[in-house]
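Novice: Just to be clear, the model below is a prediction. Sequence and coordinates:
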Amino acid sequence: MDADATVLLSGLDDFQTQLQLFKTCTLHKMTHLFATDVLCSTYKLPDHWHLWNSDMMKATTALQDKFLVGLTNRSSIPLHAHLISSISTNKGGLGLPHPRCVAIPYLIMSMKRCINYSTQGVWVGNTTKPVHLPSSITSLFANHQSSTNQQLQIFHKYAPELAAISVHETVENRMTHFLHKSSPNTCKDRIKNEAANRITTFLLHNTKDFLTKTKLLEILQPRTSKSLIEMCRAEPSHRQKNENFHINLKRKLRLELWPDDDVVTCACGQRMDRFGDHAFCYSHVKKNTEQ
């Protein structure tokens with residue numbers, strides 16, 4: 001993955017293509033091992049599902065930061081920029097897959113399906129009865145609530161909280177509904193949105209000096225995220241030019257647009273801030289080019 005990321009940066013000229021390939025091809029090579037990482041890691045299980053920590057998590061963080069350093073032409077990437085890059089595009093981030101918030105949910109969703117299949121049978125279609133598994137398999141999940149199996153214990157540690165997120169509060173028994181009736185895709189979407197909300201809350205409480213609520217909500221606009229990630233295959237000219245993409249990406253990650261010693265003056269005569277807030281919020285900017 002690290003070698004592929006290096007090739008993307010050195011072998012391609014279009015910045016938007018580099019980011020798209022890194023997200024959809026390079027990073028997804030390891031996502032199928034996120035759940036296994038929770039089972040095999042020697043790290044202590046966190047109190048909450050969105051705070052997974054392991055060697056794989058640290059290596060993925062280093063890889064993403066290294067790629068973003070090369071893409072933005074910087075020497076390092078601050079924590080807030082890394083966290084924004086891992087927020088889903090529907091919530092205004094770049095949607096880079098990272099095990100911190102998804103490793104434990106991946107395991108829980110996999111176990112949810114196993115328990116459902118063992119107790120309800122394997123669903124094969126609306127017009128066909130579920131196929132019931134042999135007792136040699138179903139016995140593995142019998143009395144799963146009190147099982148001493150490590151995998152089932154991990155499941156019951158985090159499943160209630162994820163069930164509360166995935167199932168509407170009006171449902172009487174949310175855990176039972178989560179196990180046997182809830183749609184996997186709906187659960188994944190709601191968990192992904194909740195992970196984005198928790199990252200946003202963390203940013204608001206830890207970056208108050210330069211990232212206020214108003215500025216963060218402005219940055220985390222889904223439309224500006226999709227414009228960075230989605231590309232028109234039929235018409236390459238519709239993609240962002242490198243110079244525009246570079247500015248928009250830095251704006252999305254809340255990175256300085258120019259060095260501190262470069263004095264940039266606005267048309268109104270005031271000195272521009274390094275993040276470009278003055279330009280984006282300037283009340284006298286008009287769509288009419290004559291003004």
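Specialist: Structure received. What you see is a predicted model; the values in this text were computed from it and never measured.
Novice: my read: Leu45 touches His156, true?
Specialist: No: contact criterion C-beta atoms under 8 Å: Leu45 and His156 do not qualify, at 12.0 Å. Placement of C-beta: from N, CA and C, glycine included.
Novice: Apart from its chain neighbours, what residue comes closest to Cys266?
Specialist: Met272 (5.4 Å; C-beta to C-beta, 6 or more residues apart in numbering).
Novice: Over to Ile77?
Specialist: That would be Asp65: by C-beta to C-beta, 6+ apart, it lies 4.5 Å from Ile77.
Novice: ditto for Val38
Specialist: Leu107 (4.9 Å).
Novice: which residues sit in contact with Gln151?
Specialist: Contact partners of Gln151, counting by C-beta atoms under 8 Å, 6 or more residues apart in numbering, are 39, 107, 111.
Novice: separation between the second one and Arg174?
Specialist: Pointing back at Leu107 there. 19 Å (C-beta to C-beta, to the nearest Å).
Novice: And the two? Which one has more around it.
Specialist: Leu107 (22 against 18; other C-beta atoms under 10 Å).
Novice: State the mean pLDDT of the helix or strand hosting the more buried one.
Specialist: Element membership of Leu107, judged by DSSP states H and E, is helix 99-120. Helix 99-120 carries an average pLDDT of 94.
Novice: same thing with stretch 32-44?
Specialist: 93.
Novice: Now it: buried residues?
Specialist: In terms of neighbour count (16 or more other C-beta atoms under 10 Å), stretch 32-44 has its buried residues at 34-35, 37-38, 41.
Novice: cool, and stretch 198-211?
Specialist: For stretch 198-211, by 16+ other C-beta under 10 Å, it's 198-200, 203, 207, 211.
Novice: between those residues, which is closest to Gly125?
Specialist: Arg198 (37.2 Å; C-beta to C-beta).
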